[in-house]
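Q: need a structure here:
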Amino acid sequence: MKQRKSIIFKYFIVSLSAIVLTVCLYMLHNEREAYKKMEDVGILTLDDKADVTFNMLEQMNEDYIIGGYQIIKEQKVLMTGTSKSVETNVVIVDFPVTKLFAATNQLHTDDTAGCILSSHTMYELFGTTAKLGQQLTFGGRDYLVRGIIDTKENMVIIQYDKVTVPYTDLSLDGIIFDVSEEMYRNQTAEKFHNAYEEGDVSDSYYTHDYMSFIGRLETPVKWSDFEFWKDYGKELSNRTERKLYGDKDIIEQYHFRIFVERIKARLLLFIVCIVNFIAICILTKTQEVKKI
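A: This is a model prediction of the structure:
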């Protein structure tokens, strides 16, 4: 009888460990998939001196340019048909939204009647964070909510419409690049700057810098290459300084929040695994004492 209980107990311990590990791996996989589309994106933030517009970006017709964005701050957005309103940031883009945001739905480049809301703005305006199909009004136009971004940043995202969207003559606040084919970091930003004399390469950052604690690590030719590690140490220091102390627009604030939330989630999973391991050790020890 005791031997049977011991076997059942061992199966219970193994099953418990398997469940905990499976849940942890599932959460990590879902997290990975949520941000996978954003990992090969580099962003060049532009200062007030830059005069790049959506029309200019379209004429450049470079394969490595995904698109640009324009941030219109403190805009009054209304719940259509009511007087209820909020002041929020309106982000105008000309690329698929999921290239830069982990939205619950897509906002295609030709969908000028739709919008994506942050969960914070959605709740302030409609009192919910989970209902699509709501309607809001901005700049004299009505927009249907196509998707929601789970973030505390205050923003509404719409697609660029050169005919009717206001403020399209303003300079862009940032340009996003496909950096998947780069041979070295900032190659694309340098290429763009050299070709059009716009933007400072030092104002570029990569979304994968915010996807993990240290970002993406280039593999050295030789692991004993001290010059590589010295240069990488400087680069990592620059990335960390920007993440912690840089002057961020709302897009970078969004990516920084992802960084913080992922660190918290991984720390929590690590603690759960440690607690599970300790519990297994205690239970196993207790079982051995009982046998004696």
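Q: Look at residue 214 and give its secondary structure.
A: coil (DSSP: H, G, I helix; E, B strand; the rest coil).
Q: For burial, what's the neighbour tally of it?
A: Per other C-beta atoms under 10 Å, the neighbour tally for residue 214 reads 10. Placement of C-beta: from N, CA and C, glycine included.
Q: low-scoring stretches of the stretch 1-150 of the chain, by residue?
A: 1-10, 13 (pLDDT under 70).
Q: what does the domain assignment say about this structure?
A: Following automatic domain parsing, the chain resolves into domains at 2-34+253-291, 41-196.
Q: So which of the ones you listed is the most surrounded?
A: By mean neighbour count, with neighbours taken as mean count of other C-beta atoms under 10 Å, domain 41-196 ranks first of the domains of the chain at a mean of 17.
Q: And the residue nearest the centre of the protein?
A: Centroid check for the chain by C-alpha atoms, centre = their mean gives residue 255 as the closest residue, at 4.5 Å.
Q: Distance-wise, check that one relative to residue 80.
A: 30 Å (C-beta to C-beta, to the nearest Å).
Q: Next, the contact list for the closest residue to residue 62 other than its chain neighbours, please.
A: Of all residues not flanking residue 62 in the chain, residue 192 sits nearest, at 7.4 Å (C-beta to C-beta, 6 or more residues apart in numbering). For residue 192, the contacting residues are 44, 62, 64-65, 175, 177, 198-199, by C-beta atoms under 8 Å, 6 or more residues apart in numbering.
Q: Likewise for residue 150?
A: When contacts are counted by C-beta under 8 Å, 6+ apart, residue 150 touches 102, 104, 119, 129.
Q: 10 Å instead?
A: Residue 150 is in contact with 34, 102-104, 118-120, 122, 129, 257, 261, counting by C-beta atoms under 10 Å, 6 or more residues apart in numbering.
Q: hmm, back to that, from the contacts of residue 192, which ones fall inside strands?
A: If you go by DSSP state E, the contacts of residue 192 have 44, 65, 175, 177 in strands.
Q: The first one and residue 249 touch, don't they?
A: No - under the contact definition of C-beta atoms under 10 Å, residue 44 does not touch residue 249, with a separation of 11.8 Å.
Q: Can you work out which residues contact both of those two?
A: Overlap of the contact sets of residue 44 and residue 249 (by C-beta under 10 Å, 6+ apart) consists of residue 174.
Q: Tell me if I'm right that residue 249 and residue 72 touch.
A: No - when contacts are counted by C-beta under 10 Å, residue 249 is not listed as touching residue 72 (11.9 Å).
Q: host element of the residue nearest to residue 62?
A: Assigned by DSSP states H and E, residue 192 falls within helix 187-196.
Q: relative to strand 174-178, how tilted is that helix?
A: Helix 187-196 and strand 174-178 are oriented at 120 degrees to each other (axes from the mean of the first three to the mean of the last three C-alpha atoms, to 10 degrees).
Q: After helix 187-196, which helix or strand is next?
A: As assigned by DSSP H and E, the chain's next helix or strand after helix 187-196 is strand 204-206.
Q: which residues in this structure form helices?
A: When assigned using DSSP state H, the helices of the chain occupy the ranges 2-35, 54-60, 119-126, 187-196, 226-245, 250-291.
Q: packing partners for the shortest one?
A: Right, the one you point to is helix 54-60. In this structure, helix 54-60 makes packing contacts with strand 65-79, helix 187-196, judged by 3 or more C-beta pairs under 10 Å, 6 or more residues apart in numbering; DSSP states H and E.
Q: what's in contact with stretch 268-275?
A: Residues contacting stretch 268-275 (C-beta under 10 Å, 6+ apart): 17, 20-21, 23-25, 27-28, 31.
Q: Just put the residues you listed in CSV and tack on distance to residue 146.
A: Shown next, in CSV, are the contacts of stretch 268-275 (distance: C-beta to C-beta, whole Å):
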residue, distance to residue 146
17, 42
20, 37
21, 37
23, 31
24, 32
25, 31
27, 27
28, 28
31, 23
